[in-house]
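Participant: with the sequence up front, the predicted model follows.
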Number of protein chains: 2
Amino acid sequence: MINTIEWIDKKVKIIDQTKLPDGLEYIYCQDVNTLREAICSLKVRGAPALGIAAALGLVLGIQNSSADDYPTFKEEMKKVIDLLASSRPTAVNLFHSLKRMADCAEKNKLKKIEEIKDILEEEALKIIEEDKLCNRRIGKNGASLINDGETILTHCNAGALATADYGTALGIIYTAKEEGKRIKVYTDETRPLLQGARLTAWELLQEGIETVLICDNMAGEVMRQGRIDKVIVGADRVAANGDVANKIGTYSLAVLAKENMIPFYVACPFSSIDLSLLDGKAIPIEQRDVSEVKEILGKRTAPRGVDAYNPAFDITQAKYITGIITERGICEPPYQESLRK
Amino acid sequence: MINTIEWIDKKVKIIDQTKLPDGLEYIYCQDVNTLREAICSLKVRGAPALGIAAALGLVLGIQNSSADDYPTFKEEMKKVIDLLASSRPTAVNLFHSLKRMADCAEKNKLKKIEEIKDILEEEALKIIEEDKLCNRRIGKNGASLINDGETILTHCNAGALATADYGTALGIIYTAKEEGKRIKVYTDETRPLLQGARLTAWELLQEGIETVLICDNMAGEVMRQGRIDKVIVGADRVAANGDVANKIGTYSLAVLAKENMIPFYVACPFSSIDLSLLDGKAIPIEQRDVSEVKEILGKRTAPRGVDAYNPAFDITQAKYITGIITERGICEPPYQESLRK
């Protein structure tokens, strides 16, 4: 499996996902600003990978600190955290990781600064290891729902390129395949940034999984024709009532799946679930530059001067979701109860 | 209003719509093969415009005929008709026009060939004039449904660029504006060929109508947020029960509109209604080259070797459609009865 994000020689090594599917290029981020730019420009993306990037970003940001007392160190750390926290607002994993790192530092504040730095580095590596384990468990849990010969529709990229291992939604497909099941996947191209066409189709081809690329507006018709057995997508944040924020287009898929009586699953680590939020209305939705809608791969598609709208995510209400697959098991409605358990 | 298709100096003058929105370029088709290629490559498109193109194509195809008896002329005419009929399968207007032209020739078969040619030319021009009148009536009928200050969502292009006048779905918006109503339009970009971004947004800007471009997968979320008052789209063919074939993505919009309790209207000339077909299952759906899905404006988006699926149209069942707006009035369910009336 490819390594989307790694910690090597005190640098964050990432695949530059904006270069896929044509070139597999790596970037080595030596400072937090470079990493932040990579996050903002989606060179690294996907909720679990963003959690890892944030943790490693914090390590990068404080590794050259010359502070020799904890209050000074904490002040510097806060600046780095604020910088990273302002990169992308929707995926909760990013905030979750930053809080975990800050708590870890706080717990060790009586230690020497150099020691705290080492502990934080270890904590970040632990987040990577946990994500790998988590992916495997989500894969195992989700694969139990998949039957031999089924066709799955997925959206955006919730695969190896979105995590430290083989992904959430796609991890389920990889596990099902490992279990000997024959699986076919329909992949939405996922405008505006084409993560489905560029990333998911690329990943699935690498893994030898039969893949059919469609435009986003074809998913409904493909479901209506009876070609799809299950829809599985990832999540950027899940509220306590089971409402899900995920890549724009997810809500439409969920409504279309319901209309066609197709089970609709969300796969994510438990860390994507934000029990502090009552429902989806409380999830902040990132609005990205409208040029992404008016252009494709840098080429303008629309007349100059036209207005556009570019929400990066949408909210899918819990009522459309058959189950939320996490490393701890499969939650079913009512989510208010099952998620808390 | 722009002239999408005209008959000038024994040539068919069309806007090359593949060059929009950047350049307003015209093509003069002097022979039926050039026109057929323009139809196949979507230089001219839209169900009503295809009806006109077919009629003018027939005139082009027989204008240099040296036949001096009707059976020979009819034989030549049949070849031209077959050539044009094999261009695009879904929009019924094309077949409707060809049949009308053939019937017209047949009715005048006792006349001299040169005279028949003139009669066919006049008949084709009559089709253009009828389409113009038809657009105005659809506009008037549809505008009665639109209130001041409403926001309309549309898909693909059912405007001036799809007809001889100002369009069907967009004609309604233009009429409402002429009536002094303030209208805002959300336009789906309409992958794979971006008719919404390239053509509809361009047309609406030209007419000074407030337009917001979105990617196809954003339409559901935009509806959920309560931004849309009505959805209005065109149609390529309507079956006797009210099932509608229209640009891929229409079905999804209809389901999403129903889920969000937003009225969903189809606007088309009565000639798009094919009472010979029981329901949508009988409508042939054009499958276009999958490279259109794997590329955008000639630029490859997906990894080499990936499979794709590219239905150009989908079927929206009558149950999702609030009304079908034609030049003869607004048909409401049950369509089985209202369309026949």
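Facilitator: In hand now; what should we look at?

Participant: so A:Lys43 makes contact with A:Lys13?
Facilitator: No. Assessed by Cβ atoms under 8 Å, A:Lys43 is found out of contact with A:Lys13, at 11.7 Å. The way it works is simple: take the backbone N, C-alpha and C, and place the C-beta from them, glycine included.

Participant: okay, the two: which has more neighbours?
Facilitator: Here A:Lys43 and A:Lys13 are compared on neighbour count by other Cβ atoms under 10 Å in any protein chain shown; more neighbours surround A:Lys43, at 20 against 16.

Participant: setting aside sequence neighbours, what's the nearest residue to the more buried one?
Facilitator: Distances taken as Cβ to Cβ, 6 or more residues apart in numbering or on different chains put A:Asp16 closest to A:Lys43, at 4.8 Å, once the chain neighbours are dropped.

Participant: cool, and A:Lys181?
Facilitator: That would be A:Asp148: by Cβ to Cβ, 6+ apart, it lies 4.4 Å from A:Lys181.

Participant: give me the neighbour count for that neighbour.
Facilitator: Look at A:Asp148: counted by other Cβ under 10 Å, it has 10 neighbours.

Participant: wait, what's in contact with it?
Facilitator: A:Gly180, A:Lys181, A:Arg182 (Cβ atoms under 8 Å, 6 or more residues apart in numbering or on different chains).

Participant: same check, this time on A:Thr4
Facilitator: A:Ile14, A:Ile15, A:Gln17, A:Val44, A:Gly46, A:Ala49, A:Ala160, A:Leu161, A:Ala162, A:Thr163, A:Ala164.

Participant: now it: how far from A:Gly139?
Facilitator: Distance, A:Thr4 to A:Gly139, by Cβ to Cβ, to the nearest Å: 16 Å.

Participant: go on, A:Ala235?
Facilitator: Remark: distance between A:Ala235 and A:Gly139 (Cβ to Cβ) = 15 Å.

Participant: residues of the helix or strand hosting A:Glu123 that come out buried?
Facilitator: A:Glu123 is part of helix A:113-143 when elements are defined by DSSP states H and E. Buried residues in helix A:113-143, counted by 16 or more other Cβ atoms under 10 Å in any protein chain shown: A:113, A:116-117, A:119-121, A:123-125, A:127-128, A:130-132, A:134-143.

Participant: show the subsequent helix or strand relative to it.
Facilitator: Next element after helix A:113-143 (DSSP H and E): strand A:151-154.

Participant: check whether that following strand contacts chain B.
Facilitator: No. Contact of strand A:151-154 with chain B (Cβ under 8 Å from any Cβ of the partner chain) is absent, the minimum separation being 11.6 Å.

Participant: could you tell me the end-to-end distance of stretch A:268-288?
Facilitator: 23 Å (Cα to Cα, to the nearest Å).

Participant: could you check it and say which residues are buried?
Facilitator: A:268-274, A:277, A:280, A:282-283, A:285-286, A:288.

Participant: same deal with stretch A:30-44?
Facilitator: By 16+ other Cβ under 10 Å, the buried positions in stretch A:30-44 come out as A:Val32, A:Thr34, A:Leu35, A:Arg36, A:Ala38, A:Ile39, A:Leu42, A:Lys43, A:Val44.

Participant: of all those residues, which two lie farthest apart?
Facilitator: Largest separation among the buried residues of stretch A:30-44 by Cβ to Cβ: A:Val32 and A:Leu42, giving 17.4 Å.

Participant: within range of chain B, give me the residues from the stretch 1-150 of chain A.
Facilitator: Neighbours of chain B within the stretch 1-150 of chain A, by Cβ under 8 Å from any Cβ: A:Pro21, A:Asp22.

Participant: give me every residue that touches A:Ile209.
Facilitator: A:Ile173, A:Tyr174, A:Lys177, A:Ile183, A:Lys184, A:Val185.

Participant: got the confidence number for the fifth one?
Facilitator: A:Lys184 carries a pLDDT score of 98 in this model.

Participant: state the distance from it to A:Gly149.
Facilitator: Taking Cβ to Cβ as the measure, A:Lys184 falls 8 Å from A:Gly149.

Participant: A:Trp7 sits in which helix or strand?
Facilitator: Per DSSP H and E: strand A:5-8 holds A:Trp7.

Participant: strands paired with that strand, and their directions?
Facilitator: strand A:11-15 (antiparallel) (DSSP bridges).

Participant: what is the mean pLDDT for the strand it pairs with?
Facilitator: Mean predicted confidence for strand A:11-15 is 97.

Participant: buried set for that strand?
Facilitator: A:Lys11, A:Val12, A:Lys13, A:Ile14, A:Ile15.

Participant: could I get the residues you listed as a markdown table with distance to B:Trp202?
Facilitator: As requested, these are arranged in a markdown table below (distance: Cβ to Cβ, whole Å):
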| residue | distance to B:Trp202 |
| --- | --- |
| A:Lys11 | 47 |
| A:Val12 | 44 |
| A:Lys13 | 44 |
| A:Ile14 | 39 |
| A:Ile15 | 37 |
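
Participant: rewinding a little: intersection of neighbour lists for A:Lys43 and A:Lys13?
Facilitator: With contacts defined as Cβ under 8 Å, 6+ apart, the residues adjacent to both A:Lys43 and A:Lys13 are A:Ile27.

Participant: per-domain residue ranges of chain A.
Facilitator: Per the record, chain A has its domains at A:5-136, A:145-338, by automatic domain parsing.
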